[in-house]
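K.L.:
give me a model of this one.
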Amino acid sequence: MSTISTHILDTASGRPAEGMHVQLERMENGGWTPMFEGTTNADGRVTDLAPNGISPGIHRMTFGTGDYHRAQGVAGFYPQVRVCFEIGATDEHYHVPLLISPFGFSTYRGS
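P.N.:
You can find the predicted model right below:
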């Protein structure tokens, strides 16, 4: 079974985004089913979003960027960032990093 993780970097401060809420969901029967939610650690990571593994299909991560920026005393533009992706292989590690600033974000498939 595949595994999945995320790492969030605050590019405005040059630091990991500690304390950001992250939710992982899976598309099932035309709707989203919650799989996991947690908070990033001091290194801006949630290392195992699916402790029992992740199966093929369409998934999404929702990042609580608005709450994170407010906690930093910064006004941001994006209250949430949602990243939708498809898991294909069943024996790979999937890493979904997020680079954030108050007025922008970027993501890619990491390793």
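K.L.:
show me where this protein has its strands.
P.N.:
For the chain, strands defined by DSSP state E occupy the ranges 3-10, 15-16, 21-28, 31-39, 45-46, 57-63, 81-87, 93-95, 98-101, 104-107.
K.L.:
sheet partners, orientation included, of the last one?
P.N.:
It refers to strand 104-107. strand 98-101 (antiparallel) (DSSP bridges).
K.L.:
ok, the third one next?
P.N.:
Partners of strand 21-28 in the sheet, by DSSP bridges, are strand 31-39 (antiparallel), strand 57-63 (antiparallel).
K.L.:
next: the fifth one.
P.N.:
Using DSSP bridges, the strands paired with strand 45-46 are strand 3-10 (antiparallel).
K.L.:
now do the partner strand, average pLDDT.
P.N.:
Mean pLDDT, computed over strand 3-10, is 94.
K.L.:
so which of the strands of the chain is nearest residue 73?
P.N.:
Proximity to residue 73 (C-beta to C-beta) singles out strand 3-10 among these, at 12.7 Å. Placement of C-beta: from N, CA and C, glycine included.
K.L.:
next, the buried residues of the closest one.
P.N.:
Within strand 3-10, the residues scored as buried using 16 or more other C-beta atoms under 10 Å are 3-10.
K.L.:
again with stretch 69-76
P.N.:
Buried, per 16+ other C-beta under 10 Å, within stretch 69-76: 69, 72, 76.
K.L.:
next one, pLDDT for the first one please.
P.N.:
Model confidence at residue 69, expressed as pLDDT, equals 97.
K.L.:
now swap in the second one and tell me
P.N.:
Per-residue confidence for residue 72 comes out at a pLDDT of 95.
K.L.:
so residue 66 sits against residue 78, correct?
P.N.:
Yes. Applying C-beta atoms under 8 Å, one finds residue 66 in contact with residue 78, separated by 6.8 Å.
K.L.:
how near is the closest residue in space to residue 16 that isn't next to it in sequence to residue 77?
P.N.:
Leaving aside its chain neighbours, residue 16 sits nearest to residue 44 (2.8 Å; criterion: C-beta to C-beta, 6 or more residues apart in numbering). Noted for residue 44: a distance of 20 Å to residue 77, by C-beta to C-beta, to the nearest Å.
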